[in-house]
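Peer 1: What follows is a predicted protein model with its sequence.
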Amino acid sequence: MSETPRRYKIWFQGATDRVAHSAYISRLEPFMRRVVSPEFDFSFNTVTPPATTTHAITEFRMARAFIRNAVRAEHEGYDVVAITHFQDAGLAEAKSVVDIPVLGLGETTLMHACTLGRKLGLVTINPVFIPWHEDQVSRYGIASRVVGVRAVNAKISDFMDAFERADAYEALRAKFEHEVNILLDAGADVIVPSGGLPMLLFGGEFAAQVGGAPVLNGLAVIAKAAESAVKLKELTGIAVSRRSNYAKPPEKSLAEFLEQ
């Protein structure tokens, strides 16, 4: 008698709220259902209040929520956590506190983008994030592969409107393509929308491109990378190195963090 194939669980973690960002989540979840393999179940988890402002203190608050939810995901039997917030807030700390793989949208997308072309260009949702993404590029050791980080001068609400109205989409698309063309002129041959919102909005269609350069949908990338991380851990027993940045904290330290 054959054994029932094991089912795996992915905990997708966003920085969004189901009410405030319903226009995005109502598109994201069906997209993920198409992308995720049949042997995997998933849940998309939110934060309330969500990331409604573009400031470092908000990223700090998101980091705390992501770390706590990584612990929760492991306790609830999930096999992997995939954080769908491009800034990767709290990613290193989340990796350090659990034994299941934890992936960040920024790191995962940028590493994959390097396999698709020689030079990358990033387009983020607001100029305030340019320094943050520049720091990510430096931290991940790919500065020589990135021609620049540009920004659409928009608010999160502009993206919500673009998911629901054609005129709002066209206006935002024109701003996005303006920034993309500057990066193409600088030598980019892969465009990375730096966030789940622009990824789904501008990279969601099949073979998305501008000027011949792929517009990478990192949401698909992180979904498949999460599946691979689970299978590779099952095969090799390795989720992450514990030698340096991802060393596990003392139990007392983690308990104090979770209790605060």
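Peer 2: Great, that's in hand. Numbering: from 1, shown residues only.

Peer 1: What is the burial count for His112?
Peer 2: Neighbourhood size, His112 [other CB atoms under 10 Å]: 18. In short, each C-beta sits where N, CA and C put it, glycine included.

Peer 1: wait, what's in contact with it?
Peer 2: 216, 218, 221, 225 (CB atoms under 8 Å, 6 or more residues apart in numbering).

Peer 1: Do you have the strands of the stretch 151-260 of the chain handy? List them.
Peer 2: 190-193, 209-210, 213-214 (DSSP state E, counting those that start in this stretch).

Peer 1: So which of the ones you listed is nearest Phe163?
Peer 2: strand 190-193 (14.0 Å; CB to CB).

Peer 1: The closest one packs against which elements?
Peer 2: helix 105-113, strand 120-124, helix 166-185, helix 196-202, strand 213-214 (3 or more CB pairs under 8 Å, 6 or more residues apart in numbering; DSSP states H and E).

Peer 1: about what we covered before: can the strands of the stretch 151-260 of the chain go into CSV with extra columns for distance to Trp11 and mean pLDDT?
Peer 2: Below are the strands of the stretch 151-260 of the chain laid out as CSV (distance: least, CB to CB, whole Å; pLDDT from 0 to 100):
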stretch, distance to Trp11, mean pLDDT
strand 190-193, 23, 98
strand 209-210, 31, 96
strand 213-214, 28, 98
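
Peer 1: any idea which of those is most buried?
Peer 2: Most buried of the strands of the stretch 151-260 of the chain, by mean neighbour count (mean count of other CB atoms under 10 Å): strand 190-193, with a mean of 28.

Peer 1: Give me the distance from that strand to the chain's centre.
Peer 2: With CA atoms, centre = their mean, to the nearest Å as the basis, strand 190-193 stands 13 Å off its chain's centre.
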